[in-house]
Structure formats: C-alpha cells, structure tokens
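J.: Model the structure of this input:
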Amino acid sequence: MKRAARTHIPQVAILLESSHGISRLMLQGILKYVRVHGPWSINTAVGGTRDLKLPDVRHWKGDGIIGRVPTDAVARDILASKLPAVLLNPGDAYLAPAHPLSRCSRTQSDSDAIGRMAAEHFLGKGFAHCAFVGEVRDINWSQWRHRAFSARLAEAGLPCHLYPAPPRSRSNRDAERPLLCRWLSALPKPVAILAANDHRARHVLDACLVADIAVPYEASVLGVNNDLLVCETCIPPLSSIALDAERAGYEAARMLDDRMRKAAKSPQVVTYGPTGIVSRASTEGARVSDRLVIRALEFIRINGGLMIRVSDVADHLGVTCRWAEIHFQQALGHSIHETIQRVRMSTVCAMLKETDLPLTALSKKCGFSQPNHLCALFKRQFGMTMSAYRRTHTTFSNQP
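T.: Prediction:
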C-alpha cells in the first residue's frame, strides 16, 4: 500500500539511556530505520535512567515518542503530550489494562527464551547447583527470566536458589553488598548463577571478590545484554546473553512511523529474543574444589603475560613444586606448565588481534625470550603463522 506523503519532518523524542549498551543498540536500530524511511528530527536523552525526560513542550513541537518509562512522572508527561508513543519493555504498572499507556505499541524482550537459554547452557556444563539474582526493583522482565530459568532447571530435576530482593534501605550497591556476600557464601559450590542483566551480574562478581569466592571455579556467573562496557571491565570479564536489541529499535521505529502516519490504529507488540551467549572468563574454566589449585589458577591468570614458571606458582602457594603438581594433576588432569602455556597463548592471541606490536616485542611481553620459539609453538597449536592470524583476526586500526 502506498504511503501518504509527509507535509513536514517528524519531530521524535527518544527516551533511551546513552550510558547503557543495550539502549545504544536500540538507538542504532532506530537510526537504521530512519536512514531508509525518514528523515526524522530526533531528540535524544544523554546519561542514565534518571536523565530520561521529554523535551520542554514549550519549545518542542513533537510528533512521536519512543522509549522507556522510568517513572510515573515521565508516564504522565507522555500522556499529557497526546502524541503516539512506542514503549520499550514497560513495567507492570504501565501494562495494566486500566492504565492508558497499556494501549501503546511496545517492544518486549523474550525473557522466557533468555531464561531457558541460560539454563540449557549451565545444564550442558553439568552443574548440579544453580541460582538467580534478580534486578533490585524486581521488575517484570527480571521475574520472567527467573521463572523460565527455574522452570527449565526443574524439568531437569534441579532446584534454583533465588536471591531475595533486598529491603529498600539496603537497595543501593554498597549497602546491599554484605547481604549478597553472605548469600553467595552460603550457596553450595560449585554453583552456576544467572543475573537478570549485566549490571546485576557485576554486583555478583564484585561480591564474589569480597567474599573470596573464586570465579569461575566455585561460581560461574552469566549476565544478560552483552553490554561491552560492563562485561569487559568486570573482574573476571563477564559472559553474557546477547539480545537482538537493534531489531527491537528498528521495529519500534516502524511501529511509531505507522502510528504517526495513522496507518495503524490498534497497538502492536514485537518480541525480540536472545541471539546467543558470548563466553568470557566468568563462565570459562573447570569447576575445581581444591582451594590450592584455585589459588594457583588465579595466580596464573593474573600473571599470564609474564614469564612465570612452575616454581613461581609453587612459591606463591607456599608448597613444593612436586606437591603443587600432584594437586594439579588430580584436579585438572594436566600439569601446571600446560596451564601456564595455555594462558600465555591466550594472551598472545589477544595481543595479535588488538595491538600492532612487532612480533619480537609481543613475544617478550608474553614471556618468551626467543621469538622463534613462540612462532613455532603458535603454528603447531593454531595451524597458521602469527602474522597470518593477525591478518585474519585483527581488530586494531591505525586510523584516528
């Protein structure tokens, strides 16, 4: 059906947090739609959830709204504007049939698929103990993810330990941490933990560090959203379920465009799901109960780019090399030297992909005094030269 011609460029407010990776992906999806079906004049928010608000209507003559509804005040402003709006993952209050915003089109993450994917991932790794840490406000999508996660675990005959929502007086990160530490310490180990989103998973990892719970050996932690700024700055880096958020933004823009053109009258709901699990160090690694081996693994991981030897590991543990090797073989089935080499080679791969260091300098930084020795080991393990690997996998650019 041919669309009616526009008489002016639509003015659209986008209420998305620029500080959140998932929101930036949604914005990319919106812009992808606008590049083809626009133009639109877009007004975006800058900052976090508290910064989300409509432009001053005294100066902004809008045509439509896409975004989150973080507070009742923002909900009232959206309703007062009388503009067509598309909501992104609205809370229960705005989905209730009695609320006027329930008649808006919306996008919704497929929390059932997210919860089941996480459960399948942990079941595939053979975990016997699993737990869930919800979003602090216990919002609907957090509840839905827990429900789907625990339901799939129940099908496999496993319970799901649920972290109780903290009281309002302890809901900020620092005040809540002692509660989270105690709960994590009391869980049976090793345990697989799904957090409602990446920010919540960071809280879990921080609490594990304080409570001396080794990740991923005693606790394997998985987040949701794959927000790179969060995931890559966690200790250790956080594994996460990636969502098709760009599609969510694109579909939100399409639905709003239909409403602004009056091509659609009844509300639409578009669900977007997970695209897969991005594995990082928080879930990668063998489950180990021997505290001596866990301490050794952490020492090796932290010093993976240095020229450490088996004797350095043994000295760190305060035991003989022979004693350390016995524990390693019993727990992991391979030697300390093999583990050091694996971590070193992982560091080599990362530096090949992400830097332009000459191979001689790179070899020295990764603990190899003879570059030729590293080149031979690398080709034996990966079936290609280091130069070929860099050409194939590099993410480094000299461009400003």
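J.: List the contacts of the spatially most central residue of the chain.
T.: Central residue of the chain (C-alpha atoms, centre = their mean): residue 226, 2.9 Å from the mean position. With contacts defined as C-beta atoms under 8 Å, 6 or more residues apart in numbering, residue 226 is in contact with 21, 198, 240, 241, 242, 243, 278. C-beta here means a position set from N, CA and C on the backbone, and glycine is covered the same way.
J.: and what of residue 248?
T.: Contact partners of residue 248, counting by C-beta under 8 Å, 6+ apart, are 26, 29, 88, 107, 109, 270, 272.
J.: among the residues you listed, who's most crowded?
T.: The member of these that has the most neighbours, counting by other C-beta atoms under 10 Å, is residue 26 with 31 neighbours.
J.: Tell me, how many residues neighbour the nearest residue to that one once chain neighbours are set aside?
T.: The shortest distance from residue 26 to any residue other than its chain neighbours is 3.5 Å, reached at residue 249 (C-beta to C-beta, 6 or more residues apart in numbering). When neighbours are defined as other C-beta under 10 Å, residue 249 has 29 of them.
J.: phi, psi of the closest residue in space to residue 211 that isn't next to it in sequence?
T.: Distances taken as C-beta to C-beta, 6+ apart put residue 181 closest to residue 211, at 4.2 Å, once the chain neighbours are dropped. Here is the backbone geometry of residue 181 (degrees, to the nearest 10): phi -60, psi -40.
J.: And the contacts of residue 226, which is the shakiest by pLDDT?
T.: Across the contacts of residue 226, the smallest pLDDT goes to residue 21, namely 91.
J.: Excluding chain neighbours, what is closest to that residue?
T.: Nearest-residue entry for residue 21: residue 227, 3.3 Å, with adjacent residues in sequence omitted and distances by C-beta to C-beta, 6+ apart.
J.: In this structure the one you found contacts residue 25, no?
T.: No. Under the criterion of C-beta atoms under 8 Å, residue 227 lies out of contact with residue 25, with a separation of 9.0 Å.
J.: Who has more neighbours out of those two?
T.: Neighbour count, other C-beta under 10 Å: between residue 227 and residue 25, residue 227 has more, with 26 against 22.
J.: Distance of the more buried one relative to residue 202?
T.: With distances defined as C-beta to C-beta, to the nearest Å, the gap from residue 227 to residue 202 amounts to 9 Å.
J.: What separation is there between the residue nearest to residue 26 and residue 15?
T.: Taken as C-beta to C-beta, the spacing of residue 249 relative to residue 15 amounts to 12 Å.
J.: Need the overlap of contacts for those two.
T.: Between them, residue 249 and residue 15 share the neighbouring residues residue 66, with contact defined by C-beta under 8 Å, 6+ apart.
J.: Buried residues, stretch 364-377. List them.
T.: Neighbour-count burial for stretch 364-377 flags 365, 366, 367, 368, 371, 374, 375, 377 (criterion: 16 or more other C-beta atoms under 10 Å).
J.: repeat for stretch 204-212
T.: Neighbour-count burial for stretch 204-212, counted by 16+ other C-beta under 10 Å, picks out 204, 205, 206, 207, 208, 211.
J.: Also stretch 142-157?
T.: With burial defined by 16+ other C-beta under 10 Å, the residues of stretch 142-157 counted as buried are 142, 144, 145, 146, 148, 149, 150, 152, 153.
J.: Stretch 158-168 now?
T.: The neighbour-count criterion (16+ other C-beta under 10 Å) identifies 158, 160, 161, 163, 165, 166 as the buried residues of stretch 158-168.
J.: Same check on stretch 281-300?
T.: Residues of stretch 281-300 classed as buried by neighbour count (16+ other C-beta under 10 Å): 281-283, 285, 287-288, 292-297, 299-300.
J.: will you turn the residues you listed into CSV that also has pLDDT and secondary structure?
T.: Supplementary listing: the buried residues of stretch 281-300 in CSV, determined by pLDDT from 0 to 100; DSSP: H, G, I helix; E, B strand; the rest coil:
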residue, pLDDT, secondary structure
281, 89, coil
282, 94, coil
283, 94, coil
285, 74, coil
287, 70, coil
288, 76, coil
292, 85, helix
293, 84, helix
294, 84, helix
295, 85, helix
296, 85, helix
297, 85, helix
299, 86, helix
300, 85, helix
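J.: Isn't residue 9 up against residue 61?
T.: No. Applying C-beta under 8 Å, one finds residue 9 not in contact with residue 61, separated by 11.4 Å.
J.: where's the dip in pLDDT among the buried residues of stretch 364-377?
T.: Going through these one by one, the lowest pLDDT turns up at residue 367, 73.
J.: in a strand, that's where that residue is, yeah?
T.: No. For residue 367, which was evaluated using DSSP: H, G, I helix; E, B strand; the rest coil, the result is coil, with no strand membership.
J.: shouldn't it be in contact with residue 343?
T.: No. Residue 367 is not in contact with residue 343 according to C-beta under 8 Å; the separation is 9.7 Å.
J.: Show me where the stretch 301-400 of the chain has its helices.
T.: Listed in chain order, the helices of the stretch 301-400 of the chain (DSSP state H, counting those that start in this stretch) span residues 310-317, 321-332, 336-354, 359-365, 371-382, 386-393.
J.: Rebuild these as TSV, extending it with distance to residue 114.
T.: Below are the helices of the stretch 301-400 of the chain laid out as TSV (distance: least, C-beta to C-beta, whole Å):
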stretch	distance to residue 114
helix 310-317	39
helix 321-332	32
helix 336-354	28
helix 359-365	39
helix 371-382	34
helix 386-393	29
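J.: Mind checking those for the one nearest to residue 47?
T.: Comparing those by their distance to residue 47 (C-beta to C-beta), the top pick is helix 336-354, with 29.2 Å.
J.: Now the closest one: buried residues?
T.: Of the residues in helix 336-354, those buried under the neighbour-count criterion (16+ other C-beta under 10 Å) are 336, 339, 340, 343, 344, 345, 346, 347, 348, 349, 351, 352.
J.: Show me what that helix is packed up against.
T.: helix 291-302, helix 310-317, helix 321-332, helix 359-365, helix 371-382, helix 386-393 (3 or more C-beta pairs under 8 Å, 6 or more residues apart in numbering; DSSP states H and E).
J.: can you list the domains in this structure?
T.: Domain assignment for the chain by automatic domain parsing gives 11-110+245-273, 111-243, 291-392.
J.: Between these, which has the poorest mean confidence score?
T.: Lowest mean pLDDT within the domains of the chain: domain 291-392, at a mean of 85.
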